[in-house]
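Visitor: Okay, structure incoming, though there's no sequence with it:
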């Protein structure tokens, strides 16, 4: 590209030089000071009046013409290359633009993703906080469940103890009922025996009453007999003058009989 620009500049310079008279050029060369320029082994001179670069001599011009012809031959190729390069440039620019758009889209997408990430992080923190709250609640619920389980176990144990006590009470009640039945049987038996004893006692009491009556009758009879005996003994004493000791022995026998009768009555009672 730099060579092509240099050739274009040289062509413009040559066209300008062809319009100028050669003699005038020689006069200007003698009147003004020229500045020599060397480019790729070719000697040029820069005119201080117009600043144009001109070849130094005819040989240089011939060399330039030859180079120009060679460059003109290369010009189509260079143009094709230039078109190809321009196409490549446009393609590159299109690709660059596409990449730029893609990059902008990616940056926009990245910004959106960053915003979403920030939002997600915020939601994550909120979820984490909610999770911690739920975890604390879950721990509290777990503690309450364990406490309820302990209470349930205690109630279950109390129920078992109560059941055992109930079984004991039931067993005791059965024993008490059996004992009550036995006592009732014994009581009935005792009542029957008591009734029998009472009847016997009533009978014995009646017998004793009868015996007492008989004893009283016997006593009354004994008293009467004793009175009769005393009376008869008095009469006998008066009649026969019986000794005193005989009378006493008879009286003693009568008293012993009375005592034996009273003792028998008491034993029967």
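Guide: That came through, no problem. Computed from a prediction, not measured in an experiment: that's the story for all the values here. Numbers count the residues shown, from 1 in each chain.
Visitor: okay, and for the stretch 1-150 of the chain, where does confidence drop off?
Guide: Scanning the stretch 1-150 of the chain with the threshold set as pLDDT under 70 gives 1-60.
Visitor: Check which helices and strands the helix or strand encompassing residue 140 is in contact with.
Guide: Element membership of residue 140 [criterion: DSSP states H and E] is helix 58-240. If you count contacts as 3 or more CB pairs under 8 Å, 6 or more residues apart in numbering; DSSP states H and E, helix 58-240 packs onto helix 2-18, strand 42-46, helix 244-268. In this view, the C-beta of every residue, glycine as well, is placed from N, C-alpha and C.
Visitor: Mind checking the pLDDT average for the last one?
Guide: This means helix 244-268. For helix 244-268, the mean pLDDT works out to 50.
Visitor: For the remainder of this discussion, apply numbering that starts at 50.
Guide: Got it, the first residue is 50 from now on, which makes the last one we talked about helix 293-317.
Visitor: Next, the buried residues of stretch 152-160.
Guide: Across stretch 152-160, burial judged by 16 or more other CB atoms under 10 Å covers no residue at all.
Visitor: For residue 259, grab the count of nearby residues.
Guide: Using other CB atoms under 10 Å, residue 259 is surrounded by 11 other residues.
Visitor: swap in the one 10 residues further on?
Guide: The local packing of residue 269 (other CB under 10 Å) involves 10 other residues.
Visitor: Could you check how far it is from residue 226?
Guide: The gap separating residue 269 from residue 226 is 61 Å, by CB to CB, to the nearest Å.
Visitor: ditto for residue 236
Guide: 15 Å.
Visitor: just residue 183 next, same as before
Guide: Distance of residue 183 to residue 226, computed by CB to CB: 60 Å.
Visitor: just residue 259 next, same as before
Guide: 47 Å.
Visitor: Repeat that for residue 263.
Guide: From residue 263 across to residue 226, the span is 53 Å (CB to CB).
Visitor: between these two, who's got more neighbours?
Guide: Neighbours per residue (other CB under 10 Å) separate residue 263 from residue 226, with residue 263 holding more: 13 against 10.
Visitor: show me the contacts for residue 217.
Guide: Contact analysis of residue 217 by CB atoms under 8 Å, 6 or more residues apart in numbering lists nothing.
Visitor: Nothing else from me, thank you.
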